[in-house]
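Below are the sequence and a predicted model for it; my questions follow.
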Amino acid sequence: MFRKLLIANRGEIALRVICACKELGIRTVAVYSEADRNSLHVRFADEAICIGPPRSSDSYLNVPAVISAAEIADVDAIHPGYGLLSENANFAEVCRASNIKFVGPPPEVTRLMGEKEKARQAMKKAKVPILPGSDGVLQSEGEASDWARSIGFPVILKASAGGGGRGMRVIRSEQELPQLFQAAQTEAANAFGNGDLYLEKFIERPRHIEFQVLADEHGNVISLGERECSIQRRHQKLIEEAPSLQMMPKLREEMGKTLRRCLSAIGYQNAGTVEFLMDEDGKLYFIEMNTRIQVEHPVTEAVTGIDLVKAQLRIACGEPLSAILPEPVSISGHAIECRINAEHPEKFTPSAGRITAFNVPGGNGVRVDTAQYAEGVVPPYYDSLIAKLIVHGKDRAEAMARMSRALEMFVVEGIHTTIPLHRRILEDAEFRQGSFDTKFMERFLARFSERSAERPGESERERREQQLAPG
Amino acid sequence: MFRKLLIANRGEIALRVICACKELGIRTVAVYSEADRNSLHVRFADEAICIGPPRSSDSYLNVPAVISAAEIADVDAIHPGYGLLSENANFAEVCRASNIKFVGPPPEVTRLMGEKEKARQAMKKAKVPILPGSDGVLQSEGEASDWARSIGFPVILKASAGGGGRGMRVIRSEQELPQLFQAAQTEAANAFGNGDLYLEKFIERPRHIEFQVLADEHGNVISLGERECSIQRRHQKLIEEAPSLQMMPKLREEMGKTLRRCLSAIGYQNAGTVEFLMDEDGKLYFIEMNTRIQVEHPVTEAVTGIDLVKAQLRIACGEPLSAILPEPVSISGHAIECRINAEHPEKFTPSAGRITAFNVPGGNGVRVDTAQYAEGVVPPYYDSLIAKLIVHGKDRAEAMARMSRALEMFVVEGIHTTIPLHRRILEDAEFRQGSFDTKFMERFLARFSERSAERPGESERERREQQLAPG
Amino acid sequence: MTPEEIQELKELIGFLRENRIGEFEFERGDRKVRVKFGASDEGTAPPVDWARMMQAFGAAASVPHHNPPPARASAVENSASAAPAAASAAAVPSEEHTADLHVVKSPIVGTFYDSPSPGAAPFVKVGDTVENGQVLCIVEAMKLMNEIESDAGGEVVRRLVSSGQPVEYGQPLFAIRLR
Amino acid sequence: MTPEEIQELKELIGFLRENRIGEFEFERGDRKVRVKFGASDEGTAPPVDWARMMQAFGAAASVPHHNPPPARASAVENSASAAPAAASAAAVPSEEHTADLHVVKSPIVGTFYDSPSPGAAPFVKVGDTVENGQVLCIVEAMKLMNEIESDAGGEVVRRLVSSGQPVEYGQPLFAIRLR
């Protein structure tokens, strides 16, 4: 096992890696910006090195500073966490050149997966289903019609140069096509000076489903099942679950085999997440791969009993999967994670500042991953995630009940958090029923503003309750 | 399910019951003494009623006050927690008379199990192994010899009137018996004015092993396996584990069947714990039964995935075990619990006072049950348990590593706690090896004072470290 | 607050006023002082009414354990019907001069009744003069009617709970102006 | 508040008034003071002597981010060999008059060298007078030798790290008495 490891990250994930290292007997080196001097990752690491001023670009994203810290601390390995340098292939290359083990896939694989179209083609080649669409620009309405027929309606036309919805048209039948093609082309030409269009399968109510994989350095790959991440706002996940209610054991097993074959062929190593859209019929379409540990990895840990960060470290040390996971993987119970952000629960404005009271929930089936504490400070320079609240229950009903009571017992004062938002989502009938999709939050927030308009006192009372709550 | 329940307890177990109730949708009523006005069980219950001044005898043990609170709050049921009124059969009877469901066995069963000799005979009748011994007072040296031969050496002679070791003799062979019998008789007569002796099997290095059982109100009983509770100081458990390294699956299964038969015959209901001594050959001998939830129930919850307090409530509502535990019980991984007491870690003197910083560990596989918080007060009136730290890992090695890092990350300032003691126990070779017995703490503390004498600076440094640790 | 603290506070406030401080906060450990003066009064400073100020500061201090912790307030709010009105402590007449008021508290948990039987005249009414040891009310607990006697003599100036209402241990029942 | 504290406070407020401060906050450890003066009392505003004020209040405030949190102290203690001596900030000569001392800090993480090559004479010695922009030392990072220039002119009164020692970002390297 590594003797000493540097964590090139901050916040809860830095502390998460420190916990894993402590359990494996690895000495830890934290790096920190001047804004994080009193952070818990600095507090609990064996050593800590200040690498720059508060701004990420001058500290956590400053490759020479991080590498230099690794060199003066004389570490064997660097764990990049998520975000920051975790998917930066150049950083992984510098680590390699500096003879420091980067805990993650080789830079070549990270680079491949970072180029979306190349990644799509690599997946397609390995028979992983991708969202069907035209091969590049449509030359004519007739070609659009051919593609649409082969893919099946509905399809969506998109402007090659586009964005922001302009030049986009959903086409639900053959008859609509000629007219909508013309309209989209004209709109695209007007908006972007370029009328080029392409076409893709359109999913009305997609779910975001992702598979957690582990790959050792000997060509062995295993899938640890899926996570349901459809509860998002502006592509930011808010709540994640495992398993997905929509996933049949047969499909899970098939996908496991497919991913195993595909990632083995690509030469994938370490932990990774393969993201899919699921259509209304339960079919999956590859979107992209994240070549790092994810924020939401604890829900998979809860239902499989596997410590993913420890697995990452053991893989990076060269251990084979057969040693790390001697027993067959099985999914037991249901887990839910709520991301507690330092944000206003209705306006979503970031809420940096000093935390005056911080009381985390505990008890049966409750896990909290956080680097915050009473009198801790949420600096304005970084992302707003301050804690992850994860619950595990024998089924989704128990997990939801547990999450509700844990949210109720999670007291944060001094800043705004998304706790009240999560409490309302957990009470929402559509969420409870489980038949949601990535458009859920739009509908939920619309419902909420309607309700607030009807009962203007309520959100005020909730806000007051939150403020009143003592430590 | 119950509509509303009163928790006749305080501290972490009161909060534990509140959590279970919240998850089951039961409204909760806390009762509290004037010393506990700012306690978290008061904070998180739906209602709270002050029932008396700080002293337990005037508040938590005051049956009329508790019942009166239950009546004015109009509850369906009372959960007694552990300690306090939990094994008070009279209280259970008053509950019944007041038409309030007592969450526990019927008073008759509690009363039977409360009378140790009757309990022993009931168990013996049901073929549960009890510690073999003479039936009452030995009439002669010859009778002693007969009993000793039938039980097998070593045996121990004890003074019927005795205590404090006087009149006690361990006899390891037939030859020793005549001389030691005379010596014991003389000593007992001198010490107590009564030379009556009785004889029991002597276990040199006993382990304390207990079985968790659940019984519904329809005659069904199930055993959820054992807990290892040999790490005790003066009969106070400090660390508990599940499963026991000494328990073979075959014995566990046999004991499960025996207990099932026995407790069904007795008419046992709700959760209970059957305590045994285990001898060097792995044989078990019944000591006593606790007719309530135990402090250490979370280790069983961790390895079985069963929520014992929720099971208690469902049983008390009349649900059959088949509905509560639809799947076969299986033991997975290993769990350890450390009892964090507000005590000096070396002198064991109670340390009441205001907690100035309280940072609980989190992350994968860590559970904390506590009713304490930063700025909370540990009153001097009650027991010193302020938190239970429970970890779960895939095996004992992972659980120990996890416990060590969790203890390291558990920060309590303002009072003394047993955290430093637990850290040292976790580092102890005998503990790590797992081949200990109920005499472990004596040996450990002796080793520790020797080491301290050799390196006088060490405990000072540890103390200083504890004080330095920030929140 | 102790008399010394009050003296300190007087000096502090005088000093702050002299210097025309608008707001002042001081914190050390668990002690906090925050002072904010009212809208500018140019000119002469009228003497501070200390008694009034003490009341403002110290309603809490006089019966500290009857201030429910913040959360209890909401708990009670959520369950106004059945819970004993722990919050009713707030009903202690803070606007009156509390210095010579004695509060009779419930020695047991139960249900408060103001008269010996339904329809009967109440034991005491506001305005009555009562003796030490005189029965003021009944608190029923476990079907037993417990007569609650006054532990002071004086004029009943306030009854703090209504008949039939549940009361907890230590809950204020009557305010009596001592003779 | 203790009498000493009240005296201090009086002086502080006098000082704030003199300098026509509108609002003032100070915090150190568990002590906090916040003062906000009332609406403008006319008159001219003399310039604030901030340097004096900072000295009065804040040895800590002058290089606040070099105070390691308590835990770091022990972490460093546990790993004295390899960790950059974050605690060495404590070595800044607090007993001297720090007001006219300027601390040159490391702008990068790396290894400190006092001379251009092993065995060569150091760039500067204690007692030397240096110019703004003069090279003081080298910090090696990722095999690159980075010359660190003085950002002030004056006399070198202290070198705060030894050659070959790892340094972190912002770590004090030299104390210079300003001319």
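Great, that's in hand. Treat the numbers as computed from the prediction; the structure is a model and nothing was measured.

from here on, contacts and neighbour counts on C-alpha atoms
OK.

separation between the residue of the stretch 51-200 of chain A found nearest chain B and residue B:7?
Residue nearest to chain B within the stretch 51-200 of chain A (Cα to the nearest Cα): residue A:81, separated by 14.9 Å. Using Cα to Cα, to the nearest Å, residue A:81 is found at 43 Å from residue B:7.

quick one on the thing from earlier: tell me, how many neighbours does the residue of the stretch 51-200 of chain A closest to chain B end up with?
27 (other Cα atoms under 10 Å in any protein chain shown).

Same question for the one 3 residues further on.
Using other Cα under 10 Å, residue A:84 has 16 neighbouring residues.

just residue A:114 next, same as before
Neighbour number of residue A:114 under other Cα under 10 Å is 18.

ok, which residues in the stretch 101-250 of chain A are in contact with chain B?
Neighbours of chain B within the stretch 101-250 of chain A, by Cα under 8 Å from any Cα of the partner chain: none found.

all helices for the stretch 101-250 of chain A, in order.
With helices called from DSSP state H, counting those that start in this stretch, the stretch 101-250 of chain A shows them at A:107-114, A:116-125, A:141-151, A:177-192, A:249-266.

residues of the second one that come out buried?
Okay, so that is helix A:116-125. Of the residues in helix A:116-125, A:119-120, A:122-123 count as buried by neighbour count, 16 or more other Cα atoms under 10 Å in any protein chain shown.

Between those, which has the least confident prediction?
Looking at those by pLDDT, the weakest one is residue A:120, with 84.

which residues does that residue contact?
A:130, A:286-288 (Cα atoms under 8 Å, 6 or more residues apart in numbering or on different chains).

Same check on residue A:366?
A:389-392, A:402, A:406, B:367.

List the ones among these that fall in strands.
Per DSSP state E, strands hold the following members of the contacts of residue A:366: A:389-392, B:367.

out of the residues you listed, who's nearest residue B:316?
Distance to residue B:316, by Cα to Cα, is smallest for residue A:392 among the ones in strands among the contacts of residue A:366, at 24.3 Å.

low-scoring pLDDT stretches of chain C, where are they?
C:1-23, C:25-99 (pLDDT under 70).

could the contacts of residue A:120 go into CSV alongside neighbour count and pLDDT?
As requested, the contacts of residue A:120 are exported to CSV (neighbours: other Cα atoms under 10 Å in any protein chain shown; pLDDT from 0 to 100):
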residue, neighbour count, pLDDT
A:130, 17, 91
A:286, 21, 93
A:287, 20, 88
A:288, 21, 89
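
want to try TSV for those residues, with secondary structure as columns?
Formatted as TSV, these follow (DSSP: H, G, I helix; E, B strand; the rest coil):
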residue	secondary structure
A:130	strand
A:286	strand
A:287	strand
A:288	strand
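
Apart from its neighbours in sequence, what residue is nearest residue A:224?
Nearest non-adjacent residue to residue A:224, counting by Cα to Cα, 6 or more residues apart in numbering or on different chains: residue A:212, 5.4 Å away.

The one you found touches residue A:274, doesn't it?
Yes - using Cα atoms under 8 Å, residue A:212 makes contact with residue A:274 at a distance of 6.7 Å.

higher neighbour count, these two?
Neighbour count, other Cα under 10 Å: between residue A:212 and residue A:274, residue A:212 has more, with 23 against 19.

which of the contacts of residue A:120 lies closest to chain B?
Nearest to chain B among the contacts of residue A:120: residue A:288, at 27.1 Å, using Cα to the nearest Cα.

OK, contacts around that closest one?
A:113, A:116, A:119-120, A:274-276.

Quick one, which of the residues you listed has the minimum pLDDT?
residue A:116 (76).

What separation is there between the closest residue to that residue other than its chain neighbours and residue A:118?
With sequence-adjacent residues excluded and distances taken as Cα to Cα, 6+ apart, residue A:116 is closest to residue A:288, at 6.7 Å. Here the criterion is Cα to Cα. By it, residue A:288 lies 10 Å from residue A:118.

repeat for residue C:103
With Cα to Cα as the criterion, residue C:103 and residue A:118 are 80 Å apart.

pLDDT score for the closest residue to residue A:11 other than its chain neighbours?
Nearest residue to residue A:11 in three dimensions, chain neighbours excluded: residue A:371, at 5.3 Å (Cα to Cα, 6+ apart). With respect to pLDDT, residue A:371 has a value of 96.

my read: residue A:371 touches residue A:378, true?
No - Residue A:371 is beyond contact range of residue A:378, at 10.1 Å (criterion: Cα under 8 Å).

shared neighbours, the two?
residue A:386.

just to revisit the earlier point, let me know the closest of the contacts of residue A:366 to chain C.
residue A:406 (16.0 Å).

The strand or helix carrying residue A:28 - contacts with which helices or strands?
According to DSSP states H and E, residue A:28 maps onto strand A:27-33. If you count contacts as 3 or more Cα pairs under 8 Å, 6 or more residues apart in numbering or on different chains; DSSP states H and E, strand A:27-33 packs onto strand A:4-7, helix A:11-24, helix A:40-44, strand A:47-52, helix A:63-73.

what separates the longest one from the chain centre, distance-wise?
With Cα atoms, centre = their mean, to the nearest Å as the basis, helix A:11-24 stands 18 Å off its chain's centre.
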